[in-house]
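1. Let's see this in three dimensions:
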Amino acid sequence: MPGLHVTDQQVLRYMSQRSHHPQSIAAAKSGFSERTARRIDQDLRLPSQKKQARNWRTRSDPLAVIWPRALEMLQTTPGIFAVTIFEVLQEEFSPEAVPDTVRRTLERRVADWQALNGQDKEVFFPQRHEPGQQAQSDFTVADAIGVTIAGEAFPHRLYHFRLVYSGWEHARVILGGESFAAVAEGMQDALWKLGGIPAEHRTDSLSAAYKNLSRDAQLDFTNRYKELCDHYGMTPTRNNPGVANENGTIESSNHHIKRRLDQALLRRGSRDFESIADYRRFIDGLCDRHNARRKAGVAKEREKLRALPKRRTTDFAKVSVAVTRNSTISVDRVLYTVPSRLIGHKLEIHLYDDRLDCFFGATLVATMERVRAKHPRRGHRINFHHVIGTLRKKPQALRNLVYRDALFPGAPYARAWRVLDAGLPPRQACRAMVALLDIADKGNCVEALGQRLEAILDAGRLPDPVALRAKFAPEDKKVTDVTIPPPDIADYNRLLASSAAAAPVEGGEVRP
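-> Prediction:
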């Protein structure tokens, strides 16, 4: 048709039709004239092959004056950005000589020059993954998701484990930082949930875990991690420090799992959970649904996994500490109380990510929630049940007790202390507060007593330990002694005589 250029597709169609139809019909089927068909028969090149690149300008070059200086910067300063060159040119020349309107033209010219004359760029090589060959794991910070526990902000990490071939994954909530306990617990949970072992386990350099460790501690961490992998027969590997793309499968999956978690929380309608256990169950359900969508690949991968060992291995750090005369132990810059009967003895602490198990010999004597100290301050985890026996004898020790605020088992008790301290003489205030703690201990009613204290304080009254003890921890009534006189033997003789007198004889007669 007049005014339209013949395309490569039209020419190819004409060539295919020409072997079956005359020139005129083949041209009509291809959408051009018979004259054009004759030209095509004389020159079988496609239209795109006949075009010549235009090598002349249609307007003056706006970069003619400044391009030599820009080229000098490109050659002498590899890696310099086009926008930086543009700013330098405006400073050296003038905004009138280098107006903002030429910025995009300069950026295109710089990009063209770098493509033809710039430095070589890093090449990323796609990898082929075999089923059962490799698993990867990493930590990812999940604070931005905005999860709260019982209304309180919950900063945390996720330990993320993923099979490279099938995409099967497991995530565990981590309360602290990157530690051996977190790696060991998370990895073993994943392997036992998966039901098999891949040939290789790959991590990043765990630089965050090493950052504040001494050289000996770093070697200890590395040795324990190697022993963990040896127990499961996996080859431990890690990418080069600072090269995240070498662990790219898990790095990209970190973003995906947090995006899915965020969307699941949106559907849930709330980001608040009653407890950490509830939140962990929510994440387990999220991973289970993800894994169900990959069941075909997972089934194929499970065929290549090796069998699990008979048991799990150590997933905690061991610390040996002595119980001080204050009935406390210090673990990772946090002060914990233990039962006072352990004073002077040494305990072996199994340090998990979220708890401490305290052993005296082979006997578990206490399990406590793990607390993280906020640098540079020390942390406290005080259980008033451990020290209340001695505090009853020394109530005045409460006033200047180092960990007094941490001793109170809840906000109502801390509030009661402030009110008692303000409304009573110092010695009487200490005795009253210790009495309240004693009631909570003996009556096993920390929560109920706390609610009652709130009601009393809201009414503007001072707590009365005597009345509260009568209600929550009444004293056991003394058992009255009962005197039982010795039995009279003559009574037994009379019973025997009457029994013999009534005994029947042969023939059914009664003996007189």
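
2. Ala135 should be in a strand, yeah?
-> Yes: checked against DSSP: H, G, I helix; E, B strand; the rest coil, Ala135 lies within a strand.

3. Please look at it and Ser166 and confirm they touch.
-> No: the pair Ala135 and Ser166 fails to qualify as a contact (CB atoms under 8 Å) at a distance of 10.3 Å. (Glycine included, C-beta is placed from N, CA and C.)

4. Who has more neighbours out of the two?
-> Using other CB atoms under 10 Å as the criterion, Ala135 and Ser166 rank with Ala135 on top: 29 against 20.

5. Identify the residue nearest that one in space, chain neighbours excluded?
-> Leaving out its chain neighbours, the residue that sits closest to Ala135 by CB to CB, 6 or more residues apart in numbering is Pro198, at 4.5 Å.

6. what's the answer for Thr7, then?
-> Using CB to CB, 6+ apart, the nearest residue to Thr7 is Pro47, at 6.5 Å.

7. Was I right to think that neighbour contacts Asp8?
-> Yes: with contacts counted by CB under 8 Å, Pro47 reaches Asp8, the gap being 5.8 Å.

8. residue boundaries of the strands in the stretch 151-300 of the chain?
-> 152-153, 157-163, 169-174, 200-203, 235-238, 272-273 (DSSP state E, counting those that start in this stretch).

9. closest one to Arg461 among the ones you listed?
-> Proximity to Arg461 (CB to CB) singles out strand 152-153 among the strands of the stretch 151-300 of the chain, at 29.7 Å.

10. Show me what the residue nearest to the spatial centre of the chain is bridged to.
-> Centre of the chain computed as the mean C-alpha position; nearest residue by CA atoms, centre = their mean is Leu158, 2.0 Å away. Judged by DSSP bridges, the bridge partners of Leu158 are Thr140, Val173.

11. Let me see the contact set for it.
-> The contact partners of Leu158, by CB atoms under 8 Å, 6 or more residues apart in numbering, come to 139-140, 142, 171-174, 254, 257-258, 283.

12. Would you mind measuring from it to Gln188?
-> 16 Å (CB to CB, to the nearest Å).

13. again, but for Ala115
-> From Ala115 across to Gln188, the span is 50 Å (CB to CB).

14. Grab the nearest non-local neighbour of Ser327.
-> Closest to Ser327 by CB to CB, 6+ apart is Ser340, at 4.4 Å.

15. Surely that neighbour and Thr328 touch.
-> No: between Ser340 and Thr328 there is no contact under CB under 8 Å: 10.0 Å.

16. For these two, indicate the residue with more neighbours.
-> Thr328 (21 against 16).

17. Any buried residues in stretch 354-367, and which?
-> 356-358, 360, 366 (16 or more other CB atoms under 10 Å).

18. ok, how many other residues are close to Asp488?
-> Using other CB under 10 Å, the number of residues around Asp488 comes to 9.

19. ok, the residue nearest to Ala135 - contacts?
-> With CB under 8 Å, 6+ apart, Pro198 has these contacts: 132-135, 163, 234, 305-306.

20. Looking at these, which one is closest to Val321?
-> For the contacts of Pro198, the nearest to Val321 is Met234 (32.5 Å; CB to CB).

21. three-state assignment of the residue lying closest to Gln396 once chain neighbours are set aside?
-> The spatially closest residue to Gln396, leaving aside those adjacent along the chain, is Cys430, at 5.2 Å (CB to CB, 6+ apart). Here Cys430 is recorded as helix under three-state DSSP.

22. same check, this time on Ser330
-> Secondary structure, three-state DSSP: Ser330 is strand.

23. In terms of pLDDT, where does the residue nearest to Ser327 sit?
-> Confidence at Ser340, expressed as pLDDT, is 91.

24. Excluding chain neighbours, what is closest to Asp138?
-> Ile250 (4.6 Å).

25. Number of residues surrounding that neighbour?
-> 24.

26. can you tell me which residues contact it?
-> Going by CB under 8 Å, 6+ apart, the list of residues near Ile250 reads 136-138, 160, 162, 202.

27. Try it again at 10 Å.
-> Counting by CB atoms under 10 Å, 6 or more residues apart in numbering, Ile250 touches 135-140, 160-162, 164, 169, 202-204, 239, 244, 257.

28. Give the residues shared as contacts by Ala135 and Ser166.
-> Glu301.

29. Would you mind identifying the helix or strand in this protein with the lowest mean pLDDT?
-> helix 207-210 (a mean of 44; mean pLDDT, DSSP states H and E).

30. Where does pLDDT dip in the chain?
-> Within the chain, the segments meeting pLDDT under 70 span 1-3, 52-54, 205-221, 239-249, 375-376, 476-482, 497-512.

31. quick one on the thing from earlier: of Ala115 and Gln188, who's got more company?
-> Comparing Ala115 with Gln188 by other CB under 10 Å, the one with more neighbours is Gln188, at 19 against 8.

32. wait, that one sits on Cys229?
-> No: contact criterion CB atoms under 10 Å: Gln188 and Cys229 do not qualify, at 11.1 Å.

33. So for stretch 271-278, what gets flagged as buried?
-> Buried, per 16+ other CB under 10 Å, within stretch 271-278: 272-273, 276.

34. Nearest to Asp120 among these?
-> Nearest to Asp120, judged by CB to CB, of those is Ile276 at 49.7 Å.

35. Pull the contacting residues for that closest one.
-> Ile276 makes contact with 147, 149-150, 154, 156, 173, 175, 354, 369 under the criterion CB under 10 Å, 6+ apart.

36. Out of those, which two are the most distant from each other?
-> Spatially, the most separated pair among the contacts of Ile276 is Val147 and Glu369, at 18.2 Å (CB to CB).

37. So between those two, which is more surrounded?
-> Set Val147 next to Glu369 and count neighbours by other CB under 10 Å: Val147 wins out with 23 against 11.

38. can you tell me how far the more buried one sits from Arg267?
-> Val147 is 15 Å from Arg267, by CB to CB.

39. ok, now Glu107?
-> Distance, Glu107 to Arg267, by CB to CB: 43 Å.

40. Leu158 now?
-> Leu158 is 19 Å from Arg267, by CB to CB.

41. before we move on, what about Thr84?
-> With distances taken as CB to CB, Thr84 is found 45 Å from Arg267.

42. for Asp120, same thing?
-> As for Asp120, its distance to Arg267 is 47 Å (criterion: CB to CB).

43. Look at the closest residue to Ser137 other than its chain neighbours and say how many residues are nearby.
-> Nearest non-adjacent residue to Ser137, counting by CB to CB, 6+ apart: Phe161, 4.5 Å away. Counted by other CB under 10 Å, the residues lying close to Phe161 total 26.

44. one step back: the more surrounded of Glu107 and Arg267?
-> Set side by side, Glu107 and Arg267 show more neighbours around Glu107, with 15 against 6, by other CB under 10 Å.

45. Tell me who's in contact with that one.
-> Here Glu107 is in contact with 81-83, 85-86 (criterion: CB under 10 Å, 6+ apart).

46. run the last query once more with 8 Å
-> 82-83, 86.

47. next one: Leu191
-> Applying CB under 8 Å, 6+ apart to Leu191 gives the contacts 197, 232, 308.

48. Looks like the last one contacts Lys193 (just checking).
-> No: taking CB under 8 Å as the definition, Leu308 is not a contact partner of Lys193, at 10.6 Å.

49. quick one: Leu351 from Leu364, how far?
-> Separation of Leu351 from Leu364 (CB to CB): 14 Å.

50. can you check Gly389 too?
-> From Gly389 to Leu364 the distance is 21 Å (CB to CB).

51. So if we follow the domain assignment, how does the chain break up?
-> Domains of the chain are assigned by automatic domain parsing as 8-50, 67-117, 134-302, 317-381, 385-472.

52. Kindly reformat these as JSON lines containing distance to Arg59.
-> Formatted as JSON lines, the domains of the chain follow (distance: least, CB to CB, whole Å):
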{"stretch": "domain 8-50", "distance to Arg59": "26"}
{"stretch": "domain 67-117", "distance to Arg59": "11"}
{"stretch": "domain 134-302", "distance to Arg59": "43"}
{"stretch": "domain 317-381", "distance to Arg59": "64"}
{"stretch": "domain 385-472", "distance to Arg59": "76"}
